[in-house]
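Participant: task: produce atomic coordinates for the following.
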Amino acid sequence: MVCNRCIMVVQQELEKLGLDVKSVTLGEVMLTKEPTAEEKKQIESVLIPLGFEVIDDKKSRIIEKIKNIIIGLVHHHDNDTRTNLSELLSSELHHDYNYLSNLFSEVEGTTIEKYFIAQKIEKVKELLVYDELSLSEIAFRLNYSSVAYLSNQFKKVTGLTPSHFKQIREDKRKPLDKV
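Facilitator: Residues are numbered from 1 along each chain as shown. Predicted coordinates for the structure are as follows:
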């Protein structure tokens, strides 16, 4: 779950099933009591068709939490502090970073660092499309050490420079009178 609408939909659907929902946050649902096997099936039958995934094993939950922390860090917080990702994940999830890193790589087929970079590049794309911030401001907001470093990383991931990406996006936009 990435947005508030997703959280709202999940909560409503679970309450329709008669479940006592304690809280619904990004990627995690807390019920007041453990659901029965039948209730788990009902939850899956309601949420999966809506595009949600139901994760019930410990390792998958840890990986989902890693993703949610990274998504929250990149997309939902203004990165005004320089955060050490490995320390943040270790302290939030109460596991050694090497364990988290190995587990993530084993299951996802990519490293936590590459996932983090991919999320940052997606945020850069979003900010470029909004066209409200300069590349320098975007670099600062996402804690890049320089615009050059951001540009190099962007090109490595997307194959395009940020300015070329922005130009392509602008070329695809139709004027209002053509919509």
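Participant: and Val24, what are its phi and psi?
Facilitator: phi -130, psi 120 (degrees, to the nearest 10).
Participant: that one: neighbour count?
Facilitator: 20 (other CB atoms under 10 Å). (C-beta placed from N, C-alpha, C; glycine too.)
Participant: so it touches Gln11, yeah?
Facilitator: Yes. Between Val24 and Gln11 there is a contact at 4.6 Å, judged by CB atoms under 8 Å.
Participant: neighbours of Lys59, how many?
Facilitator: Lys59 has 12 neighbours, counted by other CB under 10 Å.
Participant: one more: Phe165?
Facilitator: 19.
Participant: for it, what are its contacts?
Facilitator: Neighbour list for Phe165: 125, 128, 154, 158 [criterion: CB atoms under 8 Å, 6 or more residues apart in numbering].
Participant: how about Lys156?
Facilitator: Contacts of Lys156 by CB under 8 Å, 6+ apart: none found.
Participant: secondary structure element for it?
Facilitator: Per DSSP states H and E, Lys156 falls inside helix 147-158.
Participant: centre of the chain to that helix, how far?
Facilitator: The chain centre lies 20 Å from the centre of helix 147-158; the measure is CA atoms, centre = their mean, to the nearest Å.
Participant: many thanks, I have nothing further to ask.
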